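Undergrad: Show me how the following folds:
(chains A and B)
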Amino acid sequence: MLKYFFTVFAFLGLIVLAMAGFRGAKSTRPPIEIFPDMDRQPKVKAQTPSGFFANGSAARPPVDGSVPLGYTMPQQKPVDGEADASPYKKIIFSGAPDYTDTGKMGENWGTGLPFDVTPAVVGRGQERYGIYCAVCHGATGAGNGIAKQLGVATVQSLLQERIRVMSDGEIFNTITHGKNTMLGYGDRIQVPDRWAIIAYVRALQKSQGGATLSDVPEAGRAKLEAGQ
Amino acid sequence: MANFFPKWTNQLPWKLVVCLGVLGASVTAGITYYFTPKYTRVGYQPTQPVPFSHALHVQQLGMDCRYCHSFVEVASHSNVPSVQTCMSCHTQVKADSPRLTAVRAAWNGGKADGPPVNWVRIHQVPDYVYFNHAAHVNRGVSCYSCHGAVNEMAVVYQHQPQSMSWCLDCHRAPENNLRPPGEIYNMNWKAESPEQQREMGLKFKEEWDVNPPVSCGGCHR
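TA: Residues are numbered from 1 along each chain as shown, chains lettered A, B, ... in the order given. Got it, this is the predicted structure:
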């Protein structure tokens, strides 16, 4: 009797294994939710479809002229000790008409950063440049990023004279709205970050010609000379 | 008086006990093994409307996670990129590729008002769990810890169970996952050893005042 039982048992076990497989196996089937409880609620979540609106999307484009308000993230605590002073702990996408948000002073492009340029700002600019710009413009700004090699035809070198003399405000506008074949990055890069990127691009331009030893802070000169 | 029960029935009780014991043990083992997100969720690899390869874009092109997932540092929701993000390159790179048909439809020649690309969501906690990406990535938890080596995935799949016990494992001992702030988005970063990870993690935990909530209200509200 036990013999029959174990034969049938082993057979059933094999069937279960064959049908259910092992943990971690790749599958295109949606996960089984064994106790669904209230796991899926009919509420609007970020970037989800919704049957309520005609176009099927839960997200609504902002009404013309609306201005997103900056706000501080909840639970945001200083990570690096100087977070209180950092302007980057807020989400800032302002549509205001002032120089900071448009790069324009009256009818003309303005120049100069709307806040103090500190090493932290340039560092932030370097990080953001690496994320968003280097893909096309290259890590040094020479216009030789990976996308250029893959077929983006008209990548400008940021080191050329035209951009060296271009006003900060016009560069800000180009980052925000794009230019020619470059699409705008205003939806992704926050306002202070765009200015920080400009500060870093200026540093890149100086480092690639035009910089003299007097541009280096005194503390760093000896180090630089020792290196050369 | 004849034997009412034949002789083989003497064996019956212990045989029944053995059968029921084995049956009970295997059903328990089966439920333990299968009725958990480690089985039900891990490995979910849906077919996406656009065959986007993270392996290509991250490994070969060296793009940062935040080029597309641009709000992960400042929002609870880590966004799927807008179509404009794709088209920043794909107006020119592989501009006519049939694989990008859905992206071009959404772009609609620059008006960006076409039907949205219906990406299939893979990682999904229940709706009564309020996970905040920004709170995690800004405090030393890498993408890698929860999503696995996405940079190596040609087709993304779920790598971690993301069950409540899995969350609590880390909330109770965050030192096992905290990284230096510069390495959060570096998918190839590895601690030198588990001991070094723990030592470093304890240091960060202390310095950054990392006290992950383990009360209900931390994640459910």
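Undergrad: When you work out contacts or count neighbours from here on, use the C-alpha atoms and nothing else.
TA: Fine.
Undergrad: So what's the residue count around the closest residue to B:Ala154 other than its chain neighbours?
TA: Counting by Cα to Cα, 6 or more residues apart in numbering or on different chains, the nearest residue to B:Ala154 once its immediate chain neighbours are dropped is B:Ser53, at 4.4 Å. Burial of B:Ser53 is recorded as 16 neighbouring residues (other Cα atoms under 10 Å in any protein chain shown).
Undergrad: Please apply the same query to A:Ile146.
TA: A:Ile146 is surrounded by 19 other residues when neighbours are defined as other Cα under 10 Å.
Undergrad: which phi and psi does it have?
TA: In terms of degrees, to the nearest 10, the main-chain angles of A:Ile146 are phi -60, psi -40.
Undergrad: Would you confirm that it contacts B:Leu61?
TA: Yes: under the criterion of Cα atoms under 8 Å, A:Ile146 makes contact with B:Leu61 at 6.2 Å.
Undergrad: got any residues that touch both of the two?
TA: Residues within reach of A:Ile146 and of B:Leu61 at once, by Cα atoms under 8 Å, 6 or more residues apart in numbering or on different chains, are A:Val135.
Undergrad: List the buried residues of the helix or strand in which B:Met87 is found.
TA: Assigned by DSSP states H and E, B:Met87 belongs to helix B:83-90. By neighbour count, and taking 16 or more other Cα atoms under 10 Å in any protein chain shown as the criterion, the buried residues in helix B:83-90 are B:83-85, B:87-90.
Undergrad: residue ranges with poor pLDDT in chain A?
TA: For chain A, applying pLDDT under 70 flags the ranges A:64-96, A:227-228.
Undergrad: would you list every one of the strands in it?
TA: Secondary structure of chain A by DSSP state E: the strands cover A:104-105, A:108-109, A:178-179, A:182-183.
Undergrad: out of the ones you listed, deepest packed?
TA: The highest mean neighbour count among the strands of chain A belongs to strand A:182-183 (a mean of 19), with neighbours defined as mean count of other Cα atoms under 10 Å in any protein chain shown.
Undergrad: Any chance you could list what contacts that one?
TA: Residues beyond strand A:182-183 that count as contacts (Cα under 8 Å, 6+ apart) turn out to be A:177, B:84, B:87-88.
Undergrad: Does the longest helix belonging to chain B reach chain A?
TA: The helix spanning the most residues in chain B, taking DSSP state H as the definition, is helix B:12-34. Yes: where contact is defined by Cα under 8 Å from any Cα of the partner chain, part of helix B:12-34 touches chain A, namely B:15, B:19, B:33-34.
Undergrad: Got a PyMOL select line for the buried ones in those residues?
TA: Provided next is the PyMOL selection string for whichever of the residues of helix B:12-34 next to chain A are buried by 16+ other Cα under 10 Å:
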select buried, chain B and resi 19+34
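Undergrad: List just the nearest of the residues of helix B:12-34 next to chain A to A:Arg40.
TA: Distance to A:Arg40 across the residues of helix B:12-34 next to chain A (Cα to Cα) is lowest for B:Tyr34, with 21.4 Å.
Undergrad: Which residue lies closest in space to that closest one, excluding its sequence neighbours?
TA: Computed as Cα to Cα, 6+ apart, the closest residue to B:Tyr34 that is not its neighbour in sequence is B:Thr40, at 7.1 Å.
Undergrad: Then B:Arg41?
TA: Computed as Cα to Cα, 6+ apart, the closest residue to B:Arg41 that is not its neighbour in sequence is A:Pro31, at 5.1 Å.
Undergrad: Same question for B:Ser145.
TA: Sequence neighbours aside, B:Asn177 is the residue nearest to B:Ser145 in space, at 6.7 Å (criterion: Cα to Cα, 6+ apart).
Undergrad: what's the pLDDT at that neighbour?
TA: The predicted structure scores B:Asn177 at 94 on the pLDDT scale.
Undergrad: The one 3 residues further on too?
TA: What the model reports for B:Pro180 is a pLDDT of 92.
Undergrad: OK, contacts around it?
TA: B:140, B:204.
Undergrad: please redo it, this time with the cut-off set to 7 Å
TA: Contacts of B:Pro180 were listed using Cα atoms under 7 Å, 6 or more residues apart in numbering or on different chains, and they are B:Gly140.
Undergrad: rewinding a little: can I get the contacts of strand A:182-183 in a markdown table including distance to B:Tyr44?
TA: A markdown table is the format used below for those (distance: Cα to Cα, whole Å):
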| residue | distance to B:Tyr44 |
| --- | --- |
| A:His177 | 38 |
| B:Gln84 | 28 |
| B:Met87 | 28 |
| B:Ser88 | 30 |
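Undergrad: which two in those are spaced the farthest apart?
TA: When those are compared pair by pair using Cα to Cα, the farthest-apart members prove to be A:His177 and B:Met87, with a separation of 13.9 Å.
Undergrad: sorry, back to before: next one: the helix holding B:Met87, is it in contact with chain A?
TA: Yes: applying Cα under 7 Å from any Cα of the partner chain, one finds helix B:83-90 in contact with chain A at B:88-89.
Undergrad: does any bit of the next helix or strand after that helix sit next to chain A?
TA: Going down the chain from helix B:83-90, the next helix or strand is helix B:101-107, by DSSP H and E. No: when contact is scored as Cα under 7 Å from any Cα, no part of helix B:101-107 falls within range of chain A; the minimum is 12.2 Å.
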